[in-house]
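Asker: Okay, sequence plus prediction incoming.
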Amino acid sequence: MSPVNYRTALVLTALAQAWGAAWLLLAAAATPAQASVRALPTPGDSDIERSTVNAASPRAQGPDNPLQEQMLQKLRSAAQREAAPSRKPRTGPGAAPRTSADLAPADAAWLLGLLSLHGLAMPADPPQAQHWFERAQMLGHPLAPAGLAWCQISGCVSAPNPSTAMHWIALVSRTDPGLAKYLEWHAAKALAPLADPTAASARPDAAPSQGVAAGQHLQKLLADAARAGNAQAGNELGLEWLAKGELDKALGQFQSVAERSEAAAANAGLLASRIRSGPTGRTRPARYSPADWFAQAQRYHQGDGVPANYTEAVRLYQIAASGGDPQARKMLELIFSRPLQGGAIDIAWMQQLANIPMGSSITPGAPKSFAPHGWQRDPSPLYALVPLQWRTPEALPRR
């Protein structure tokens, strides 16, 4: 085919394709359109509900006390300021200026550690508490070693390691000997070997066991702390007398420190009320039943309404077992079946035992006993060092 004829064929083909496309467009235009959606119905004649129109817009949740949050922000800013370390003693263990802006960096870091540890004005955050205690120690706060000691005893960041707290406790003794003795009592209590009451009863003529000797050492530490002026130790001594059924001694101990301890004052009032309501007054022995002490031990073992405290749980189990409670004896047998080397408490094993139900051995039809609720102790040895304005939320200013 010649070039001319080839070009002519191409032109004719293009014209034919264009003509066909035009016919297709005309056919589509002639077809009725089909709607893909339906028309909205006609609005009704009902009135508009004005309450829905005037309803408040949703808001993001914020702090309950904006001014308190501002105080915390000032505390954080103050704690982050650089300052030369100073070993100058503060005016008192719990003393602090009324405004956050007046605090020195060391004081601000110390206070933030206390607030984080106890969940005051913020959620409890033990790792953050240790961070602020370390910051306060670096800035030279004289009580910062107490915070670091308690973090080692209780395990703010890692597992509890009471033996490492002794270094910090030695530093605390320079500033507050009573607090140092009380912290030492907590550390020794966590490290003490467990005393098996069933073994002691099996051989009454035997020499005091390692656990009994440790108990005597703990009693001396607590008494020394109370004599050195620590009110929390005095309250704890009152609870020790109460557990032994020595109500007069317990009441006297609570009353001796009531002016310096809110917990002791509450315990003194409660005990005095129970003594007055007893059938024979002060001559009444008025011990709680073994089942009561077992229930209280379970609370500390499981962390039911109180911080979990395995050493305290074992002590209460022993009180219940010495009174003949079968569940307490069974629990102690389980605990003693897997102690750590040296007889210390196995924390992991205690955590597993906390989930074991012990109610299956209760005699059918026996009345249920309730734990001796109401006796108070501070959540930590450092709680009394928190300024009163932070321990009492209503004392904090509000907008």
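Answerer: Structure received.
Asker: low pLDDT regions in the stretch 51-200 of the chain?
Answerer: Filtered on pLDDT under 70, the stretch 51-200 of the chain yields the residue ranges 51-64, 83-101, 193-200.
Asker: What ranges does it have for its helices?
Answerer: In the stretch 51-200 of the chain, helices defined by DSSP state H, counting those that start in this stretch lie at 66-80, 105-118, 126-138, 144-154, 166-172, 177-191, 197-202, listed in chain order.
Asker: In a markdown table, list those along with distance to residue 329 and mean neighbour count.
Answerer: C-beta: built from backbone N, CA, C; applies to glycine. Rendered in a markdown table, the data for the helices of the stretch 51-200 of the chain read as follows (distance: least, Cβ to Cβ, whole Å; neighbours: other Cβ atoms under 10 Å):
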| stretch | distance to residue 329 | mean neighbour count |
| --- | --- | --- |
| helix 66-80 | 49 | 16 |
| helix 105-118 | 36 | 26 |
| helix 126-138 | 34 | 21 |
| helix 144-154 | 29 | 26 |
| helix 166-172 | 34 | 19 |
| helix 177-191 | 22 | 24 |
| helix 197-202 | 6 | 13 |
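Asker: Could I get the ones you listed in TSV, plus columns for distance to residue 235?
Answerer: Rendered in TSV, the data for those read as follows (distance: least, Cβ to Cβ, whole Å):
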stretch	distance to residue 235
helix 66-80	29
helix 105-118	17
helix 126-138	23
helix 144-154	17
helix 166-172	19
helix 177-191	10
helix 197-202	25
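Asker: Quick one: closest of these to residue 253.
Answerer: helix 177-191 (14.7 Å; Cβ to Cβ).
Asker: Using PDB, write out every CA atom in the closest one.
Answerer: As requested, C-alpha coordinates have been extracted for helix 177-191 and formatted as PDB (Å, rounded to 0.1, in the frame of the first residue of the first chain):
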ATOM      1  CA  PRO A 177      18.400   8.700 116.000                       C
ATOM      2  CA  GLY A 178      14.800   7.600 116.800                       C
ATOM      3  CA  LEU A 179      13.900   7.300 113.100                       C
ATOM      4  CA  ALA A 180      17.200   5.400 112.500                       C
ATOM      5  CA  LYS A 181      16.300   2.900 115.100                       C
ATOM      6  CA  TYR A 182      12.800   2.500 113.800                       C
ATOM      7  CA  LEU A 183      14.100   1.900 110.300                       C
ATOM      8  CA  GLU A 184      16.600  -0.600 111.600                       C
ATOM      9  CA  TRP A 185      13.700  -2.400 113.300                       C
ATOM     10  CA  HIS A 186      11.900  -2.600 110.000                       C
ATOM     11  CA  ALA A 187      15.100  -3.900 108.200                       C
ATOM     12  CA  ALA A 188      15.800  -6.400 110.900                       C
ATOM     13  CA  LYS A 189      12.200  -7.600 111.000                       C
ATOM     14  CA  ALA A 190      12.300  -8.300 107.200                       C
ATOM     15  CA  LEU A 191      15.600 -10.200 107.600                       C
END
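Asker: which residues are in contact with that helix?
Answerer: The contact list for helix 177-191, computed with Cβ atoms under 8 Å, 6 or more residues apart in numbering, reads 93, 143, 146, 149-150, 153, 160, 162-163, 165-166, 169-170, 172-173, 214, 217-218, 221-222, 224-226, 228-230, 232-233, 236, 311, 344-345, 381.
Asker: and the residues you listed, which are buried?
Answerer: Buried residues within those, counting neighbours by 16 or more other Cβ atoms under 10 Å: 93, 143, 146, 149-150, 153, 160, 162, 165, 169, 172-173, 214, 218, 221-222, 224-226, 228, 230, 232-233, 236, 311, 344-345, 381.
Asker: any idea of the pLDDT on the nearest residue to residue 324 once chain neighbours are set aside?
Answerer: Nearest residue to residue 324, sequence neighbours excluded (Cβ to Cβ, 6 or more residues apart in numbering): residue 290, at 5.5 Å. The predicted local distance difference test score for residue 290 is 83.
Asker: Residue 238 against residue 264, yeah?
Answerer: Yes - contact status for residue 238 versus residue 264: in contact at 6.5 Å, counting by Cβ atoms under 8 Å.
Asker: list the residues that contact both of the two?
Answerer: When contacts are counted by Cβ under 8 Å, 6+ apart, residue 238 and residue 264 are jointly contacted by 253-254, 257.
Asker: Quick one, which of those are buried?
Answerer: Neighbour counting over these (16+ other Cβ under 10 Å) leaves 253-254, 257 as the buried ones.
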